[in-house]
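Student: any chance you can model this:
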Amino acid sequence: MHRERLFFVILLFCLVSLFIRPCFAADDPDKIRLPKKQQALVGPIVDNNVKWHTIGKFWNRVTNYGKLGDDTYGTRTPSGDWPGGSGNSYLYRASIWLTAKVDGVPHSTNVEDSEFAPLDSVHVITGPGAVSDEDMYTRYYDVVAPEAEGHFPLGVEVTERSFAWRSNWADDFIIYEYTVKNVGIDSDGDGYPDTPRDLTEFYFTFRLDADVSRIGRWANESVYTDADDITYTNVQPWDDWFKLFPKLANRPHTLTTADLDSSMVYMFDADNPSYPAENNVDDDFGNPGPDGTLLSPGIIGFKVLKTDPPMHPHSFYPLARANDPDTDTKVYNMISAKKFQTLPIKSKIPYVTDYRGILTYGPITKFAAGDSFKLTAALGIGCDPDSGGVYSMMEFIKIMKNAQFIVDMDYKPNADQFTPPTPIVEVETRTEGNKVTGVRVVWDDAAASHPYFEGYKVWRSAGRATTGEFIWQPLGKGIYSILDGPNWQPPTGTKPGTFELVDDDVINGYDYYYAVQAYSKELVGTPFDVIETSLLAGTKNITPATPVASTLDNVKVVPNPYVGSVIWNNAMPSNNSPWQHRLQFINLPADATVKIFTLDGDFIDEVHAGGTVRQGTGYTGEGPASVAEWDLITRNNQEAAPGMYMYVVDSPTLGTTIGKFVIIQ
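Tutor: Numbers count the residues shown, from 1 in each chain. Here you go, the predicted model:
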């Protein structure tokens, strides 16, 4: 009887599984898992997916639902970060609007209301099959929009491609290519377009919502990030609107009438007259920090480089946040009016606020079923980090000309033939006995045999600026040029085919970054000027430390006593690198575990040799094998209180030792 009942249960389970399993399993891991009865509502839709362009100097997030950048203020990822890895974010969100009429009634599809749904993951393509150094590809459509309420679909599918480069003449921007196809609408409810439908008066709108800029210590949506921006396009001569800004007026520049271009939209940080800068200067143009360093010197913007079929800019609006159109009809009425709005003025000065730059191309009178439209644009940052203002504008115009050149050359600008190979850099601690005496920087000499090679630039960084970027200083001579004659080259390395420099001014436990760039001869007659290899690609970091110990006799805590302002702490915590404090146990064997207690014997935390507290770009989670780091955060996720603590070092090979240290904050 029991066997019959067991057999019946097993049989019932198998039969149910045959019907249930297909509802929750899918060959494609990106497909949404929904019950079978809801699959008809989903059709080809996949899960949301994101990737990041981090190969150049301009870093940005790409999604498979039409959004560029990361507008999540909680754990923000690189979002228009410049320079890449600094955590200085210029972009809240960039997106597209597609607008057209159906039977004479205007309708619009936009990212902000989740009216695009993903059809594919974001794919990264590098190597021989790539157009750039790092391509990305994805697709999305508006035929079905599960996350949008009451959406009227246009019936379009968007194929988005993006291209990024590491070369210095093309690393400040990313090119985005949008191919929009009229695929028709879904009439039978399965999520797939099956009914052709023509659209009329089709418009393509690019929406730039930049917050110039945001660094880690500023609150979300602070007066320094989004409350004092300006967005504009070129509908007036340069000096006619430069004169409205004291930090732009009467500055020498090389911008001409030929540089005026209404296919370009940009945003920059202007002065909010209601707030002084962090250094108490009234005019906070460019956001001067406490030491006067400009924290938001760059200009972020985009330029439409090509459309197919050819179209021209139709309208531009600098929209304040409160003025976003909230219906499809309002969107259509705004963008279809052939108007290029000038700078809003209030009390005889430009009105600053949280803007969006809205540039529209079109119309296509009849966007027939099956037809496609392609728009190619560059998004990037031009920046003179020292002066900002006019000089950043000149850099922005320059990089957009380079982006235009790439597209005009059909993505084959032939720069590779002029570019020496990126040096392969290695760094290691130089020790004598048990003492660190320096850092050895070694790189290969392959670039020196390139026909357009002129020299090397060798850099050292022992800290970051308030903007988050490395403070680079020359190492050795700094610049080694073949124009210096027979004595040009850096010292020959101990390994064949290498060069080598030694930095003998280092402190144990401090982070150092070293970079070697190869650069070309002056390329007269080309838009490249002088090509330098990527600074980031040629960078390596190291934290000098004594060799792995063979005894526990010399274990130390540094600094002891710990004071909160020690130089190797993170002075600028941010979302990208949130750690702040760092205390080290040094001269450890590689198998050591360090347990930390109060003097009353309460267990506080445990760290291990080779472990580092540092997080963010450039950190691997591993440190020197003879060092264990502690971030002064207890195992209960609380900051350690000032006072005296005891530590116990346990090594399976060498035994145990005990010591004390003091925290003073």
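Student: can you name the residues bridging to the closest residue to Ile542 other than its chain neighbours?
Tutor: Distances taken as Cβ to Cβ, 6 or more residues apart in numbering put Val427 closest to Ile542, at 4.5 Å, once the chain neighbours are dropped. Quick note: C-beta positions are derived from backbone N, CA and C, even for glycine. Judged by DSSP bridges, the bridge partners of Val427 are Val441.
Student: Val427 reaches Arg440, doesn't it?
Tutor: Yes - Val427 is within contact range of Arg440, at 6.9 Å (criterion: Cβ atoms under 8 Å).
Student: related to what we said a few turns ago, how many neighbours does the residue nearest to Ile542 have?
Tutor: The number of residues packed near Val427 is 18, by other Cβ atoms under 10 Å.
Student: now do it against Gly84, distance only.
Tutor: As judged by Cβ to Cβ, to the nearest Å, Val427 and Gly84 stand 21 Å apart.
Student: shouldn't Ala448 be within a helix?
Tutor: Yes - counting by DSSP: H, G, I helix; E, B strand; the rest coil, Ala448 is part of a helix.
Student: nearest residue to it in space, please, no chain neighbours.
Tutor: Gln489 (7.5 Å).
Student: quick one: contacts for the one you found?
Tutor: Gln489 sits next to 448, 480, 499 when contact means Cβ atoms under 8 Å, 6 or more residues apart in numbering.
Student: and the residues you listed, which is closest to Leu319?
Tutor: Among the contacts of Gln489, Tyr480 lies closest to Leu319 (Cβ to Cβ), at 51.0 Å.
Student: helix, strand or coil for that closest one?
Tutor: From three-state DSSP, the assignment for Tyr480 is strand.
Student: which residues does it bridge with?
Tutor: Tyr456.
Student: contact partners for it?
Tutor: Per Cβ under 8 Å, 6+ apart, neighbours of Tyr480: 455-458, 488-490.
Student: let's have the contacts of Gln489 in JSON lines, adding distance to Pro423.
Tutor: Below are these laid out as JSON lines (distance: Cβ to Cβ, whole Å):
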{"residue": "Ala448", "distance to Pro423": "10"}
{"residue": "Tyr480", "distance to Pro423": "11"}
{"residue": "Phe499", "distance to Pro423": "9"}
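Student: now pLDDT too, for these, in TSV please.
Tutor: As requested, those are exported to TSV (pLDDT from 0 to 100):
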residue	pLDDT
Ala448	95
Tyr480	96
Phe499	97
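Student: once you drop chain neighbours, what's closest to Tyr73?
Tutor: Closest to Tyr73 by Cβ to Cβ, 6+ apart is Asn220, at 4.2 Å.
Student: give me the distance between that neighbour and Ser95.
Tutor: 19 Å.
Student: quick one: which of these two has more around it?
Tutor: Using other Cβ under 10 Å, the more surrounded residue of Asn220 and Ser95 is Ser95, with 21 against 11.
Student: helix, strand or coil: sort out the more buried one for me.
Tutor: Strictly by three-state DSSP, Ser95 counts as strand.
Student: and the pLDDT at it?
Tutor: pLDDT for Ser95: 97.
Student: right, and it touches Glu112 too?
Tutor: Yes - Ser95 lies in contact with Glu112 (Cβ under 8 Å); the separation is 6.5 Å.
Student: and for these two, which residues touch both?
Tutor: Shared contacts of Ser95 and Glu112 (Cβ under 8 Å, 6+ apart): none.
Student: how about the host helix or strand of Ser461: buried residues?
Tutor: Under DSSP states H and E, the secondary-structure element containing Ser461 is strand 453-464. Buried residues in strand 453-464, counted by 16 or more other Cβ atoms under 10 Å: 453-462, 464.
Student: nearest to Met644, of the contacts of Tyr480?
Tutor: Closest to Met644, out of all of these and judged by Cβ to Cβ, is Val458, at 44.8 Å.
Student: what's the first-to-last distance across stretch 637-646?
Tutor: 19 Å (Cα to Cα, to the nearest Å).
Student: contact partners for the residue nearest to Ile542?
Tutor: Val427 neighbours (Cβ under 8 Å, 6+ apart): 439-442, 512, 514, 540-542.
Student: what's the span of stretch 263-283, first residue to last?
Tutor: 30 Å.
Student: what does stretch 338-355 give?
Tutor: End-to-end distance for stretch 338-355: 20 Å, by Cα to Cα.
Student: between the contacts of Val427, which has the most around it?
Tutor: Top of the contacts of Val427 by neighbour count (other Cβ under 10 Å): Val441, with 27 neighbours.
Student: wouldn't it be in contact with Val502 here?
Tutor: Yes - between Val441 and Val502 there is a contact at 7.3 Å, judged by Cβ under 8 Å.
Student: ok, of the contacts of Tyr480, which one's closest to Pro237?
Tutor: After measuring the contacts of Tyr480 against Pro237 - Cβ to Cβ - the closest member comes out as Lys457, at 38.2 Å.
Student: low-confidence stretches in this protein?
Tutor: Applying pLDDT under 70 to the chain flags the ranges 1-41, 565-566, 571-577, 615-621.
Student: can you give me the domain boundaries for this structure?
Tutor: 50-408, 418-542, 556-664 (automatic domain parsing).
Student: what's the most buried one of those domains?
Tutor: domain 50-408 (a mean of 20; mean count of other Cβ atoms under 10 Å).
Student: from the chain's centre, how far out does it sit?
Tutor: Averaging C-alpha positions (Cα atoms, centre = their mean, to the nearest Å) puts domain 50-408 15 Å from its chain's average.
Student: first residue to last residue on it, what's the distance there?
Tutor: First-to-last residue span, domain 50-408, Cα to Cα: 29 Å.
Student: Pro385 reaches Thr467, doesn't it?
Tutor: Yes - applying Cβ under 8 Å, one finds Pro385 in contact with Thr467, separated by 7.2 Å.
Student: just the strands in the stretch 251-400 of the chain please.
Tutor: 264-269, 299-308, 313-320, 345-346, 349-350, 355-367, 372-382 (DSSP state E, counting those that start in this stretch).
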